[in-house]
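S.K.: Just the structure for this:
(2 chains)
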Amino acid sequence: MNAAAETAARRGPSAWARLWADKVTRLCVVAIALYTLTALYGEAVYRYYKGALWEGAPACLTWGPERVPPYNQVHLESRYLPPLSVAAWPARTLADGTAVPETRHRYWLGSDNLGRDVLQRLVQGARIAFHVGVMTSLIAIPLGVLLGCLGGYFGGKVDSLVVWLCATVSAMPGLLFILAIALIAGKGLFGIYLGIGLTTWVSVCRNIRAEVLKHRDRAYVQAARVLGYSHPRILFLHILPNVMHIVLISFSIRFPASVATEVFVSFLGIGVQGEPSWGIMINNARARLWQGIWWELAFVSLAIFLLVLIFNRLADALRDVFDPALRNR
Amino acid sequence: MLRYVLRRLLEMVPTTFGVLLLSFVLFYVVGGSPAQTVLGQHATQEAIAAFDAANGYDLPLFCGNWAELDALRRAPGGGTELAFSLGPGRYALPGAREAVLRDVGTGAERTLPVGADGAVEVPEGARLTAADGAVAARRHTRHFFDSQFVRYLNGLVHLDLGMSLETKQPVTQVLLQGLLPTLSLSVPILFFGALFGVVLGLLCAAAQGGWLDRGILAFSTALMSVNYVVWILLGQFLLGFKWPLFPIWGYESAYYLVLPVAIGVVSALGGDVRFYRAAILDEIYRPYVRTAVSKGLGRGRTLFVHVLRNSLIPIVTYVSLSIPYLFTGSLLLESFFGIPGLGSVSINAINSADMSVVRAVVIFGALLYQAVNLLTDIAYGWLDPRVRVAQ
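M.R.: I've put the predicted structure just below:
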């Protein structure tokens, strides 16, 4: 047996192998992949009906005038249809003069108060949820990692400043702070990204800082110092890779939390405008719940529940594997 | 002990200052003047300037000698002119060649030459009516620190948080009215949440690894994953409408609070149980537990007397730090159940863009957090001598 194989045998299976060995975790990963595909499909539909890859794209990335996407098409003759029902849409003429013949449409998950397809809206909701989850993580995690690394590595005044910033931001009342930022940044997704991103970096920062503190005086860091490497090089090339698992765990915790917050904020009418976010769908569905129109609320709630549940479960599994000291938490 | 308390108080100063600074930056610097919201889309430039002057929104942010005025407009023949007349005070109008002063009593006008620096002194009883060609209009502040930040701190010290645009009441009064309903909702939530959480956490820890532990843990993770909004809608629909056991709107007797309190407790229970379980498991492998068991102490006594007492510190921290969140955490709960507390006040303020109320609730919440933090630390020092010495 050569040395490398010996080391590998002594260490046992890698963290990733242990992660993959758990059946429930594997199921979670597959479910997350399915959700991601759904969100990507939603994005494709959204872009297709937008008529361009992005606002003001060059001509080669534009394919036609903006049209009303299917998930926003109103069919007043087929309102409140229960799941699985088939509706016949009468022949009509669109605003741009195109004639649409009579079509039969199956509402797999029913229709809402304007005859819009709940399934198609649910897919768009997944798209927005992923936008929020990813964008807020892209704001919160780099900010938290950078500040946490600086504070933990340099200590002293820098650390005091980082700790002070964390204490200050975490003292603000969470949800109201997010709402206030979103309100000031203007209604829409951008306000939500900023609101959630700028309030949630604190926990990332604290975890990274604590971990960097542990590594700061380890032998490999001292060796790097003796070799005369610069601080940024030691910090970002030597220490950071060793604390990367915190980033992964943070992401798996932040993602579902951001999705849940977006639902809440959109529900209050501060988030997305004119697009079917899950929060807007819940708000839309709740008025008719009392008349027995249960499907929109039920399916949206289920979609949110499953997404948050699988991410929570994955976060637990990641923490167990990478941070055995916290196994009980 | 006194020294410890003093040190904690001193350590609180920078964070409190940070909180005040952050809310100032958020609401005054980024948020800007609410003149347009208050006065409407068609307000004149003069009305907006008068509003800003009355509320200090034209003052420098932190310190400075000059308040920037938005008093200029494009003149019909090219160049700029004053949009409205300016009252007594010291002004700087760089770029203007001459300024016209009108006496308020007699209506007599006189023209003053303006120097290179643009300084103009408008005496009492006169108004500055014209200064053609000025590129900027600045008013001299009363003193160097006559700034928005100082005004804001001054207002806070005097508990003057402005007027609510929506209800036309002082914000302080709005907050005070909301305090009691919020407390009557959040105190039971806190109490029952902690009670059920600790009991379930102990159960889990006692049966660690068994089916009961795994069952409660899985159930807690599931509870955590249900959205808050869904909890409320489901609770109202099932327990208020399908089986009408509880009223779902109003604030008349304790009975009206049962359903919202139950929803508040259940929605937080998942995360709580997981935390308490972990806190108790941290203690359960300590040597003193082994000693207690080996000297023949019963399982219940070991768990409830020895382990629980020692794991109380993280539990107390967790509970006390959730206090400030309770009053905003019940945001939706209050507005859904028609409880006129701080939560529904904030939701209404957000829906009507009543920034002075939103601002006040945020600042109030942050200061409350600071106060609770301090009290928790003091309680620590009192409960656990190690804390006093070590820090």
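
S.K.: where does the chain dip in pLDDT?
M.R.: I'll assume chain A. For chain A, the stretches with pLDDT under 70 are A:1, A:8, A:324-329.

S.K.: looking at chain B here, not the other one
M.R.: B:31-33, B:327-329, B:387-391.

S.K.: so where do the strands sit in chain A?
M.R.: A:85-89, A:92-93, A:99-100, A:103-107 (DSSP state E).

S.K.: what helices or strands is the longest helix seen in chain B leaning on?
M.R.: What stands out as the longest helix in chain B, according to DSSP state H, is helix B:171-206. Counting by 3 or more CB pairs under 8 Å, 6 or more residues apart in numbering or on different chains; DSSP states H and E, the packing neighbours recorded for helix B:171-206 are helix B:211-225, helix B:255-284, helix B:312-329, helix B:331-337, helix B:342-351, helix B:355-383. For every residue, glycine as well, the C-beta is placed using N, CA and C.

S.K.: how about a cut-off of 6 Å?
M.R.: Under the contact definition 3 or more CB pairs under 6 Å, 6 or more residues apart in numbering or on different chains; DSSP states H and E, helix B:171-206 sits against helix B:211-225, helix B:255-284, helix B:312-329, helix B:342-351, helix B:355-383.

S.K.: Rebuild those helices as TSV, extending it with distance to residue A:206.
M.R.: TSV is the format used below for those (distance: least, CB to CB, whole Å):
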stretch	distance to residue A:206
helix B:211-225	21
helix B:255-284	16
helix B:312-329	14
helix B:342-351	27
helix B:355-383	15
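
S.K.: Any idea how far the longest helix of chain B is from the middle of the chain?
M.R.: Taking CA atoms, centre = their mean, to the nearest Å, one finds helix B:171-206 lying 19 Å from the centre of the chain it belongs to.

S.K.: Identify the residues contacting residue A:121.
M.R.: For residue A:121, the contact set (CB atoms under 6 Å, 6 or more residues apart in numbering or on different chains) comprises A:71, A:276, A:281.

S.K.: Let me have the residues you listed in a markdown table, adding neighbour count and distance to residue B:308 as columns.
M.R.: Listed next are those as a markdown table, based on neighbours: other CB atoms under 10 Å in any protein chain shown; distance: CB to CB, whole Å:
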| residue | neighbour count | distance to residue B:308 |
| --- | --- | --- |
| A:71 | 22 | 53 |
| A:276 | 26 | 48 |
| A:281 | 27 | 44 |
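
S.K.: Buried residues in whichever helix in chain A runs longest, which are they?
M.R.: The single longest helix within chain A, with elements called by DSSP H, is helix A:118-154. Neighbour counts using 16 or more other CB atoms under 10 Å in any protein chain shown place A:118, A:120-133, A:135-137, A:139-141, A:143-154 of helix A:118-154 among the buried residues.

S.K.: repeat for stretch B:191-207
M.R.: Buried residues in stretch B:191-207, counted by 16+ other CB under 10 Å: B:192-194, B:196-198, B:200-206.

S.K.: can you count the residues close to residue A:90?
M.R.: 10 (other CB atoms under 10 Å in any protein chain shown).

S.K.: Get me the contact residues on chain A for chain B.
M.R.: Residues of chain A lying close to chain B by CB under 6 Å from any CB of the partner chain are A:164, A:167-168, A:171-173, A:175-176, A:179-180, A:184, A:260, A:263, A:267, A:282, A:286, A:289, A:301, A:304-305, A:308-309, A:312, A:328-329.

S.K.: so of the residues you listed, which ones are in helices?
M.R.: Short answer: the residues of chain A next to chain B in helices (DSSP H) are A:164, A:167-168, A:171, A:175-176, A:179-180, A:184, A:260, A:263, A:267, A:282, A:286, A:289, A:301, A:304-305, A:308-309, A:312.

S.K.: Which ChimeraX command selects the buried ones in those residues?
M.R.: Applied in ChimeraX, the following selects the buried portion of those according to 16+ other CB under 10 Å:
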select /A:167,168,171,175,176,179,180,184,260,263,267,282,286,289,301,304,308,309,312
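
S.K.: Near chain A, which residues of chain B are found?
M.R.: So far as CB under 6 Å from any CB goes, chain B lies against chain A at B:14-15, B:18-19, B:22, B:30-31, B:221, B:225-227, B:229-230, B:233, B:237, B:278, B:281, B:328, B:350, B:358, B:361-362, B:365-366, B:369-370.

S.K.: which of those residues count as buried?
M.R.: By 16+ other CB under 10 Å, those give B:15, B:18-19, B:22, B:31, B:221, B:225-227, B:229-230, B:233, B:237, B:278, B:281, B:328, B:350, B:358, B:361-362, B:365-366, B:369-370 as buried.

S.K.: For residue B:83, grab phi and psi.
M.R.: Residue B:83 adopts backbone torsions of phi -80, psi -30, taken as degrees, to the nearest 10.

S.K.: right, I mislabeled it, should have said residue B:72
M.R.: For residue B:72, the backbone dihedrals (degrees, to the nearest 10) come out as phi -110, psi 150.

S.K.: and it, bridged to which residues?
M.R.: Beta-bridge partners for residue B:72, by DSSP bridges, are residue B:82.

S.K.: Any figure for the gap between it and residue B:80?
M.R.: 5 Å (CB to CB, to the nearest Å).

S.K.: do residue A:250 as well
M.R.: Relative to residue B:80, and taking CB to CB, residue A:250 is found at 53 Å.

S.K.: Residue A:25: how many residues sit nearby?
M.R.: 20.

S.K.: same thing with the one 10 residues further on?
M.R.: Per other CB under 10 Å, the neighbour tally for residue A:35 reads 18.

S.K.: need the contact list for it.
M.R.: Neighbour list for residue A:35: residue A:307 [criterion: CB under 6 Å, 6+ apart].

S.K.: Out of the buried residues of stretch B:191-207, which is nearest to chain A?
M.R.: The closest of those to chain A turns out to be residue B:205 (CB to the nearest CB; 8.9 Å).

S.K.: Next, residue B:106: secondary structure please.
M.R.: Of the three states, residue B:106 takes coil under DSSP: H, G, I helix; E, B strand; the rest coil.

S.K.: For it, give its distance to chain A.
M.R.: 48 Å (CB to the nearest CB, to the nearest Å).

S.K.: Now for residue 127: which residues touch it?
M.R.: I'll assume chain A. With CB under 6 Å, 6+ apart, residue A:127 has these contacts: A:39, A:42-43.

S.K.: not what I meant, chain B
M.R.: By CB under 6 Å, 6+ apart, the residues touching residue B:127 are B:85, B:102.

S.K.: Where does it sit: helix, strand or coil?
M.R.: Residue B:127 is classified as strand under three-state DSSP.

S.K.: so what's it bridging to?
M.R.: Beta-bridge partners recorded for residue B:127 (DSSP bridges): residue B:102.

S.K.: and what of the one 10 residues further on?
M.R.: Counting by DSSP bridges, residue B:137 is bridged to residue B:69.

S.K.: Verify the stated contact: it with residue B:70.
M.R.: No: in this structure residue B:137 lies outside contact range of residue B:70 using CB atoms under 6 Å: 7.8 Å.

S.K.: More neighbours: these two, which one.
M.R.: Neighbour count, other CB under 10 Å: between residue B:137 and residue B:70, residue B:137 has more, with 27 against 14.

S.K.: quick one: the more buried one from residue B:109, how far?
M.R.: Computed as CB to CB, the residue B:137 to residue B:109 distance reads 19 Å.

S.K.: do the same with residue A:224
M.R.: Distance from residue A:224 to residue B:109, by CB to CB: 77 Å.

S.K.: what about those two, which has more around it?
M.R.: Remark: of residue A:224 and residue B:109, residue A:224 carries more neighbours, 19 against 13, as counted by other CB under 10 Å.

S.K.: Once you drop chain neighbours, what's closest to the more buried one?
M.R.: residue A:234 (4.7 Å; CB to CB, 6 or more residues apart in numbering or on different chains).

S.K.: can you count the residues close to that neighbour?
M.R.: 21.

S.K.: quick revisit: please identify which of residue A:250 and residue B:80 sits among more neighbours.
M.R.: Taking neighbours as other CB under 10 Å, residue A:250 and residue B:80 compare with residue A:250 leading, 24 against 20.
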